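Engineer: sequence plus the predicted model coming up.
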Amino acid sequence: MSNSDYFYHVGFGRADLGSNPPVVAVLSGDPNRAHLIAQTHLRGVRMLAENRGLNSYLGLLPNGRPVLSATSGMGAPSLSIVVNELVQAGIRVIIRIGTTGSIQDYVKAGSVVITHAALCRQGAADDIAPLEYPAAADPFLTVALVNAARELSVDYHVGITASVDSFYEGQERSETSANPHLMRRLQGMTEEYRRLNVLNYEMECGTLFKMGGVYGFRAGCVCGVIAQRTSAESIVQERKSAAIDSAIRVAMLTAGQFGI
Ligand code: URA
C-alpha cells in the first residue's frame with residue numbers, strides 16, 4: 001500500500017475521494033461541527049472516516065463543487081497532522097471555521113472574526129517554520145470571506161488574531177481554571193494584546209497560516225465569537241449557536257468560489 005492510499009490519522013486515502021476529488025476543505029475543531037456542516041450545507045454526503053474523533057465528510061456544494069468537511073481536533077499539534085495529510089490527499093484551499101474569544105469591546109459575542117494574520121504563539125508552528133515566519137492568511141481567500149460576510153449581512157471584523165496553545169493559562173484565564181496561578185509572563189498579556197490591536201484569541205489559525213505559506217496552499221480563517229473577554233472569562237452560551245452559524249455560512253459561501 002502506498003502512502004497516498006491511506007493517511008494514518010485522518011483515516012482515508014486519495015482513492016476514497018472518488019473521480020472528482022475535492023481541492024477545498026472546511027476545517028472545524030469540533031467533529032460535531034464538521035458533521036453539522038456536511039448535513040446542512042452539502043448534498044450527496046459520504047462519511048470518509050471517523051478516526052480518533054477526526055471525522056471527515058465529502059459532499060457537494062449547491063454549485064456542484066466537491067468539498068471536504070473535516071475535523072482538525074483542538075489545538076495546533078492535532079491541526080498540523082490533519083492539514084499535512086489533507087494536503088497529501090490533494091487539498092489546496094483550507095478554510096478554518098472556529099470559535100474564538102474577543103479581547104476588544106467592539107468585537108461582540110455573536111459576531112465573526114476573519115483573521116488576516118496571526119500572532120502565532122504555537123509550538124507546533126515552530127517545528128514547521130522559524131518563529132519570525134509570517135503567519136498570514138491567503139489574501140484572496142480573506143477578501144472572499146469578507147465579501148461573503150457582507151453579502152450575508154453578517155456582523156464581522158477583519159484583523160489580527162492571537163493564536164495560542166492553551167485555552168486557560170495561554171488566554172490568561174484564572175477564575176474559570178483549575179490553576180489560579182498564572183506565570184508572571186502571562187499576567188497582563190490580554191491587555192497588552194488589546195493595545196496591539198489584536199482582536200481575539202483562538203488556538204489553531206497561526207499554525208494553519210504558516211503551513212499554508214510553507215506547503216503552498218491557500219489558508220483562511222473565520223471564527224464565531226463565543227466569549228467576550230473584556231467582561232468575563234466564560235462562554236456566552238446564548239450567542240454561541242448564532243456565532244457558529246454565521247461563521248459556517250460565511251465559510252461555505254466562500255468555499256463555493258474556490259476549487260474546481
Ligand atoms: N476558543 C478559544 O480559543 N478561546 C475562547 O475564548 C473561545 C473559543
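Structural biologist: Yep, that arrived.

Engineer: so residue 175, which of the three states?
Structural biologist: Here residue 175 is coil, with the state taken from DSSP: H, G, I helix; E, B strand; the rest coil.

Engineer: residues in contact with it?
Structural biologist: With contacts taken as Cβ atoms under 8 Å, 6 or more residues apart in numbering, residue 175 has the following neighbours: residue 233. Where you see a C-beta, it was placed from the backbone N, CA and C, and this is true even at glycine.

Engineer: mind checking how far it is from the ligand?
Structural biologist: Taken as Cβ to the nearest ligand atom, to the nearest Å, the spacing of residue 175 relative to the ligand amounts to 13 Å.

Engineer: residue 190 now?
Structural biologist: Distance check for residue 190 against the ligand: by Cβ to the nearest ligand atom, it reads 10 Å.

Engineer: that residue is in contact with residue 229, isn't it?
Structural biologist: Yes: contact between residue 190 and residue 229 holds when scored by Cβ atoms under 8 Å: they sit 6.2 Å apart.

Engineer: which residue of these two possesses the greater neighbour count?
Structural biologist: Under the neighbour definition other Cβ atoms under 10 Å, residue 190 and residue 229 were set side by side, and residue 229 has more, 23 against 19.

Engineer: so who does residue 244 touch?
Structural biologist: When contacts are taken as Cβ under 8 Å, 6+ apart, residue 244 is in contact with 33, 97, 99, 224, 226.

Engineer: can you get me a residue count around the residue nearest to the fourth one when sequence neighbours are not counted?
Structural biologist: The reference is to residue 224. The spatially closest residue to residue 224, leaving aside those adjacent along the chain, is residue 243, at 3.0 Å (Cβ to Cβ, 6 or more residues apart in numbering). Residue 243 sits with 25 neighbouring residues when counted by other Cβ under 10 Å.

Engineer: my guess is residue 243 contacts residue 222, does it?
Structural biologist: No: using Cβ under 8 Å, residue 243 is not in contact with residue 222, being 10.4 Å away.

Engineer: picking that back up, and the residue nearest to residue 224, how far is that from residue 108?
Structural biologist: Going from residue 243 to residue 108 by Cβ to Cβ, to the nearest Å gives 9 Å.

Engineer: which neighbours do those two share?
Structural biologist: Jointly contacting residue 243 and residue 108 under the rule Cβ under 8 Å, 6+ apart are residue 225.

Engineer: can you give me the helices in the protein?
Structural biologist: In the chain, the helices defined using DSSP state H lie at 31-41, 76-88, 123-126, 139-151, 189-195, 205-215, 237-255.

Engineer: one step back: tell me the most packed of the contacts of residue 244, by neighbour count.
Structural biologist: Greatest neighbour count in the contacts of residue 244, by other Cβ under 10 Å, goes to residue 97: 28 neighbours.

Engineer: what sits against the closest residue to residue 151 other than its chain neighbours?
Structural biologist: In space, not counting the residues next to it along the chain, residue 151 is nearest to residue 253; the distance is 6.7 Å by Cβ to Cβ, 6+ apart. Residue 253 makes contacts with 148, 151, 152, as judged by Cβ under 8 Å, 6+ apart.

Engineer: thought the last one was touching residue 246?
Structural biologist: Right, the one you point to is residue 152. Yes: in terms of Cβ under 8 Å, residue 152 counts as a neighbour of residue 246; the distance is 7.5 Å.

Engineer: how about the residue most central in space within the chain: what's its closest non-neighbour residue?
Structural biologist: In the chain, the centroid-proximal residue (Cα atoms, centre = their mean) is residue 96; its distance is 2.7 Å. If the residues on either side of it in the chain are set aside, residue 96 comes closest to residue 221, at 4.3 Å by Cβ to Cβ, 6+ apart.
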